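*Asks:* Please work out how this folds:
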Amino acid sequence: MQAKLLIVEDETRLRASLAEYFAREGFEVTVAEDGEEAVTALKQARPDLVILDVQLPHRDGLEVCQEIRRQVGQAIGIIMISGVKREMLDRVVGLEVGADHYMTKPFETRELLAQARALLRSLKVQTAVGEAAGWLVVDDHLRIHFDQRLVEAGGHEVHLTPQEFEVLRCLVEHAGSCCARADLIDAVLPYDDGVSDAALNTCIARLRAKIEPDPANPRYVQSVHSVGDRFITPM
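*Replies:* Alright, predicted model coming up:
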C-alpha cells in the first residue's frame with residue numbers, strides 16, 4: 001500500500017518539485033499551499049506523513065503542526081522545513097509543538113526522502129502489537145529496540161557498550177543526515193567524559209564490527225570525509 005504524503009509549502013516551484021519527486025518514489029501525494037488548505041487536506045487525505053513548511057500564509061506551520069497533533073495525535077509523522085537560519089530556536093520550537101524532524105532549506109531531496117522513509121518505518125513500529133512492538137526494523141539484517149536497549153543483527157542479539165549504543169541512537173535519530181563528530185561525542189559524554197576523536201573512531205569501528213554484515217563495506221554507518229558519520233537506511 002502506498003504511503004500517503006501531504007506536502008504543505010507556499011513556494012510554488014518547490015511544492016511542485018517535491019510532489020513530483022515523491023510521487024515517482026511511490027507516495028500518494030496531496031499538496032496544500034497555506035495553513036488553511038493544510039487543515040482541510042488533513043481531514044480529506046488522511047496522510048501518514050506531512051512535510052510542513054514553517055513560513056505559511058494565513059496559519060503558520062507551527063500552528064498547523066499543533067492542530068495536526070490535536071486532531072490525529074502521534075499516529076502521523078511530521079517533518080518541518082524552514083528557510084529561516086535561526087536554526088536552534090526554530091528547531092526547538094518546531095519539536096516542542098510536535099514535529100518529529102526539522103530540516104533547514106536548502107536541503108537535498110534524497111535526504112528528505114530518507115528522513116520520510118525512516119519516520120514511516122518508525123511509525124509502523126510504534127503501531128505494531130504483540131512481540132514486535134517497539135522494534136525498529138531497519139531491514140532483514142538489523143533491528144533495534146531503543147527502550148530495552150536491544151540490538152539484533154543477522155538474527156542474533158549483539159551486545160553494545162553504552163557508548164556504542166548512544167552513538168547508534170544518535171545516528172539513527174538523524175538517519176540520512178550527517179552527524180558532526182562533535183554531536184557524536186556529546187552523545188557519549190554521559191558515559192565517558194574524556195572522549196577524543198580517536199576514541200570515537202574506535203567506538204564507531206567496534207559498532208560496525210557488531211552490526212554490519214560486512215564491516216569493511218558498511219551498509220549502515222558510513223563516514224563523510226572531514227564532516228562526520230551518517231546512518232543509511234537501505235532503500
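
*Asks:* hey, let's count contacts and neighbours off CA atoms from now on
*Replies:* Fine.

*Asks:* For the biggest helix by length in the chain, buried residues please.
*Replies:* Assignment by DSSP state H gives helix 109-126 as the longest helix of the chain. Neighbour-count burial for helix 109-126, counted by 16 or more other C-alpha atoms under 10 Å, picks out 111-120, 122-126.

*Asks:* Closest one of these to Gln55?
*Replies:* Proximity of the buried residues of helix 109-126 to Gln55 (C-alpha to C-alpha) peaks at Leu112, which lies at 18.0 Å.

*Asks:* What's the separation between the closest one and Ala16?
*Replies:* 15 Å (C-alpha to C-alpha, to the nearest Å).

*Asks:* next structured bit after the one helix or strand in the chain whose mean pLDDT sits lowest?
*Replies:* Ranked by mean pLDDT, DSSP states H and E, the weakest helix or strand in the chain is helix 87-96, scoring a mean of 60. Counting by DSSP states H and E, the element after helix 87-96 in chain order, helix or strand, is strand 101-104.

*Asks:* Each with direction, which strands does that next one pair with?
*Replies:* In the sheet, strand 101-104 lines up against strand 77-82 (parallel) (DSSP bridges).

*Asks:* Break down the protein into its strands, ranges please.
*Replies:* For the chain, applying DSSP state E gives strands covering 4-8, 28-32, 49-53, 77-82, 101-104, 136-137, 142-145, 150-153, 156-158, 178-180, 221-224, 228-231.

*Asks:* Can I get the ones you listed in TSV including distance to Tyr21?
*Replies:* As requested, those are exported to TSV (distance: least, C-alpha to C-alpha, whole Å):
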stretch	distance to Tyr21
strand 4-8	11
strand 28-32	10
strand 49-53	13
strand 77-82	16
strand 101-104	17
strand 136-137	25
strand 142-145	28
strand 150-153	32
strand 156-158	37
strand 178-180	22
strand 221-224	25
strand 228-231	22
